[in-house]
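Engineer: with the input below, show me the fold.
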Amino acid sequence: MSDTNDDVPEILQAVEVGGAVYFLRVDPEEGDDAGAPGHVFKLKNTRKDGEVPVQVLASNDTLRTLWASPSGALWVASADGSVGTTAKVAWQAPADGTEYRAIGRAPKWSVTALPPSDSDRLPPNVTALWGTGDDDVYAGTDIGDIYRWDGRSWTQAQRGADLGEPTIRAFGGAAGDVFALGTDSTLLHFDGQSWRKLTPPGKRNGSETFTGLVRRPDGEVLIAGAGDKGRLLVGTAAALTELGRYPIELIDMAPLGDRILFATGNGVAELVGRKVKMIRETFETATMSAGTGRVFFFEPAPELWRGLLDRDQFRGVDTRDA
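Structural biologist: Model (predicted):
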């Protein structure tokens with residue numbers, strides 16, 4: 001976030017469940033962008049002129065990631081090591097005064113603190129959150145630690161110091177076949193018992209960050225990377241191969257039906273066969289979130305997020321629009 005736009009809200013992620021779009025918004029505080037609190041808002045999934053977002057979660061926590069489980073429960077995590085959810089869990093509340101307050105008729109939130117990192121004994125800075133269900137959730141951090149919720153307790157399952165402390169950017173896969181992706185060419189796989197590091201195939205692609213993963217119906221995964229060139233890998237944990245390299249930044253990816261779309265910084269691209277082709281260059285794209293029959297793209301410049309109440313942040317692309 002820019003120091004010259006201290007009062008501009010920033011939308012980080014969105015999910016679409018139960019006939020509504022929920023989005024995580026950060027409200028910067030002057031001189032302390034890193035400590036800005038995050039809140040969750042809701043919109044009906046059909047557009048209406050003048051519709052105003054409804055706040056469903058008020059927090060004093062540095063919320064930075066949002067995920068919806070297959071059951072439709074909302075999950076959030078913070079840069080100060082807390083995780084909150086609307087799922088039915090039995091959690092011990094943090095002792096530091098962290099508050100998650102449901103607004104109106106919104107579901108009740110439960111919040112807990114993750115264990116301190118084995119690497120530095122500090123609260124983990126959560127950078128990615130994902131799972132296969134409300135009893136199988138993974139949290140990645142800025143120093144490569146991975147935590148897992150198994151329905152009973154949160155435990156640190158992977159020590160980032162053993163990996164060179166990469167930032168975990170994304171998770172994906174299925175139960176017993178989970179991938180974690182991150183900076184410094186980090187590819188990890190969890191088989192239901194333990195994590196192991198995977199060696200990316202092909203020649204080195206500069207200082208590469210793996211940015212996203214989509215699991216295909218046949219069980220293979222497609223992994224996007226950004227380095228000297230955009231790169232795609234395909235296969236399984238046992239056999240990943242390089243699908244191609246492209247003169248396009250692949251900084252995020254998401255499925256849209258049987259299509260694969262990418263945020264490229266200066267627009268939207270699509271995988272066509274083995275090629276990646278630009279299909280939109282009319283707006284900038286920093287990140288993206290998959291919805292229901294559409295994808296939400298988020299523009300990078302804080303000044304472009306001023307139209308919050310007019311929904312200008314959401315650029316939904318559906319199967320007819322792309």
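Engineer: what separates Met189 from Lys197, distance-wise?
Structural biologist: Small correction: residue 189 is His, not Met. 8 Å (CB to CB, to the nearest Å). Every C-beta, even on glycine, is put in place using the N, C-alpha and C of the backbone.
Engineer: so the two - more neighbours on which side?
Structural biologist: Per other CB atoms under 10 Å, whichever of His189 and Lys197 has more neighbours is His189, with 19 against 13.
Engineer: for the one helix or strand Thr132 maps to, packing partners?
Structural biologist: Secondary structure assignment for Thr132, by DSSP states H and E: strand 126-133. Applying 3 or more CB pairs under 8 Å, 6 or more residues apart in numbering; DSSP states H and E, one finds that strand 126-133 contacts strand 63-68, strand 74-78, strand 136-141, strand 168-174.
Engineer: with only the CA atoms kept, save the first one in CSV.
Structural biologist: Right, the one you point to is strand 63-68. The C-alpha trace of strand 63-68 is given here as CSV (Å, rounded to 0.1, in the frame of the first residue of the first chain):
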residue,chain,number,x,y,z
LEU,A,63,-6.6,-10.0,8.6
ARG,A,64,-4.8,-10.7,5.3
THR,A,65,-6.3,-13.8,3.8
LEU,A,66,-9.9,-15.1,3.3
TRP,A,67,-11.1,-18.6,2.2
ALA,A,68,-14.4,-20.4,2.0
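Engineer: sheet partners, orientation included, of that strand?
Structural biologist: strand 74-78 (antiparallel) (DSSP bridges).
Engineer: using PDB, write out every CA atom in the helix or strand following the strand it pairs with.
Structural biologist: As assigned by DSSP H and E, the chain's next helix or strand after strand 74-78 is strand 82-85. Output of strand 82-85 as PDB, limited to C-alpha atoms (Å, rounded to 0.1, in the frame of the first residue of the first chain):
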ATOM      1  CA  SER A  82      -4.700 -15.600  14.400                       C
ATOM      2  CA  VAL A  83      -7.200 -17.700  12.500                       C
ATOM      3  CA  GLY A  84     -11.000 -17.100  12.600                       C
ATOM      4  CA  THR A  85     -13.900 -19.000  11.100                       C
END
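Engineer: just the strands in the stretch 1-150 of the chain please.
Structural biologist: Ranges of strands in the stretch 1-150 of the chain, per DSSP state E, counting those that start in this stretch, are 10-17, 20-26, 38-44, 54-59, 63-68, 74-78, 82-85, 100-102, 110-113, 126-133, 136-141, 146-149.
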